[in-house]
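# I need the structure of the sequence given here:
(2 chains)
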Amino acid sequence: DVQLVESGGDLVQPGRSLRLSCATSGFTFRDYGLTWVRQAPGKGLDWVAFIRSKTYGGAAEYAAAVRGRFFISRDDSGSIAYLQMNSLKIDDTGVYYCGRGLTVPGAKYWFDSWGQGTLVTVSS
Amino acid sequence: DIQMTQSPSTLSAYVGERVTITCRASQSISSWLAWYQQKPGKAPKLLISQASNLENGVPSRFSGSGSGTEFTLTISSLQPDDFATYYCQHYNNFPLTFGGGTKVEI
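Prediction:
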């Protein structure tokens, strides 16, 4: 079975950093793009970042709200994706989900499997 | 950036009723649209991709239609397990965006 398990969420002060992990199993990790999506308390889904598979260059994409502060990466040997979050703001508070990307070859991505999420709380 | 607008934001319906949710894109996205279901405290679940392709294991009472800028998700006969929040998401290009969600209530 495809599994994604997020970890690393915590209570942190504004301006600090945090790294989230997404450990995966049940599929060939290197063949898939991975995304991070967040959900503020009581709010809707908010796309954060995406990283392509090495087959499609491994490039990353970011939402404007996090560009320059957040960095997505992948470890294909360990089947893990990461989200490095720097200069955290109160508005970054929420549950962070990682998702596996399906693609029309290399160009369009949607997400068929998700982890259970990890809670990030940014507060002084 | 492409904006996705869902309507209604909340929908009250009875078991057995036919339900339709609308999603509008601020510019054409061809058929690059997915629908997700989310229950409280749970991850999103993919229902439909490419506007009308039902995912394996998703009941056939769910269907999607549309192209360009206007899309619909229809539940032909609402079941107790379907009470949840539904989101559309375009994947025409980056940045990806979700609609604001439609909460389906009893």
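
# which stretches of chain B form strands?
Listed in chain order, the strands of chain B (DSSP state E) span B:4-7, B:10-12, B:19-25, B:33-38, B:45-49, B:53-54, B:62-67, B:70-75, B:85-90, B:97-98, B:102-105.

# what comes into contact with the one helix or strand A:D112 maps to?
For A:D112, the element it lies in under DSSP states H and E is strand A:108-114. Here strand A:108-114 makes contact (C-beta atoms under 8 Å, 6 or more residues apart in numbering or on different chains) with A:2-4, A:33, A:35, A:37, A:50, A:97-103, B:32, B:34, B:43-46, B:49-50, B:55, B:89, B:91-92, B:96. Where C-beta positions appear, they are placed from N, C-alpha and C, glycine not excepted.

# Can I get that strand as PDB, trimmed to CA atoms?
Output of strand A:108-114 as PDB, limited to C-alpha atoms (Å, rounded to 0.1, in the frame of the first residue of the first chain):
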ATOM      1  CA  LYS A 108       0.500  18.500 -15.200                       C
ATOM      2  CA  TYR A 109       0.400  17.300 -11.700                       C
ATOM      3  CA  TRP A 110      -2.400  16.200  -9.400                       C
ATOM      4  CA  PHE A 111      -2.300  14.200  -6.200                       C
ATOM      5  CA  ASP A 112      -3.600  10.800  -5.400                       C
ATOM      6  CA  SER A 113      -2.200   9.800  -2.000                       C
ATOM      7  CA  TRP A 114      -1.700  11.900   1.100                       C
END
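
# residues contacting the closest residue to A:I90 other than its chain neighbours?
Of all residues not flanking A:I90 in the chain, A:V122 sits nearest, at 5.1 Å (C-beta to C-beta, 6 or more residues apart in numbering or on different chains). For A:V122, the contact set (C-beta under 8 Å, 6+ apart) comprises A:12-14, A:88-93.

# Identify each buried residue in the next helix or strand after the strand holding A:D112, please.
The C-terminal neighbour of strand A:108-114 among helices and strands, as given by DSSP H and E, is strand A:118-122. Neighbour counts over strand A:118-122 (16 or more other C-beta atoms under 10 Å in any protein chain shown) mark A:118, A:120, A:122 as buried.

# sorry, back to before: derive a PyMOL selection command for the buried subset of the contacts of A:V122.
Buried members of those, defined by 16+ other C-beta under 10 Å, are picked up in PyMOL with:
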select buried, chain A and resi 12+88+92+93
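
# Please flag which of the contacts of A:V122 sit within strands.
A:V12.

# Mind telling me what element the residue lying closest to A:G117 once chain neighbours are set aside is part of?
In this structure, A:G117 finds its nearest non-sequential neighbour in A:V95, 4.1 Å apart by C-beta to C-beta, 6+ apart. A:V95 belongs to strand A:94-104 when assigned by DSSP H and E.
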